[in-house]
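Novice: A structural model of the following input is requested.
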Amino acid sequence: MIHKVERGESSPTAALLGRLAGALSLSVSTLVARAEAGGRRLLRSDEQPVWTDPATGYRRRHVSPVVDMPLEIVEVELPPGAEVPYGAAAFTFLRQLVWVLEGALTFVEGETVHRLRQGDCLALGPPADCCFRNETDRPCRYAVVLTKGR
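Specialist: Residues are numbered from 1 along each chain as shown. Reported below is the predicted structural model:
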């Protein structure tokens, strides 16, 4: 599958990007942003890399410039009824906050289910298999703030 993605014959799913990023000790947003932009301190809105999962319509926009800084900001839009799972390996080297900007998000972290509404902010715990779910009939928009290290 990686070979097909490299040749442009297939678009990776969120799950595949999560596994690749975990294997490279990168966040998904860094992996996507490094492929599409980088090195500039100012990243204008219309230049921010956007990636859409072909399987779910999940859309990620890398808001922060890709510079030598331990912080990243990603905006995500999760369509109604969509769910995106990530294995624990995708979170091994990261600390994350999830801040719901619009709508509602169900975030499953291992065995714990968090139901987040607009304005809620959740600090993720130790690495665990996770799933982002939009169980509503409206899009959910949220920000993920990441730092490297545990």
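
Novice: where do the helices sit along this structure?
Specialist: 2-6, 14-23, 28-36 (DSSP state H).

Novice: can you tell me how far R40 sits from V108?
Specialist: Going from R40 to V108 by C-beta to C-beta, to the nearest Å gives 36 Å. (C-beta placed from N, C-alpha, C; glycine too.)

Novice: who's more crowded, these two?
Specialist: Legend: neighbour count by other C-beta atoms under 10 Å for R40 and V108, higher for V108 (16 against 11).

Novice: from what I can see that one touches C130, true?
Specialist: Yes: between V108 and C130 there is a contact under C-beta atoms under 8 Å: 6.3 Å.

Novice: And L16, how far from R60?
Specialist: The value you get for L16 to R60, if C-beta to C-beta is used, is 14 Å.

Novice: Please apply the same query to P85.
Specialist: If you go by C-beta to C-beta, the gap between P85 and R60 works out to 15 Å.

Novice: what do you get for R41?
Specialist: Counting by C-beta to C-beta, the gap from R41 to R60 is 21 Å.

Novice: Between those two, point out the one with more neighbours.
Specialist: When R41 and R60 are compared for neighbours, R60 comes out ahead with 23 against 8, by other C-beta under 10 Å.
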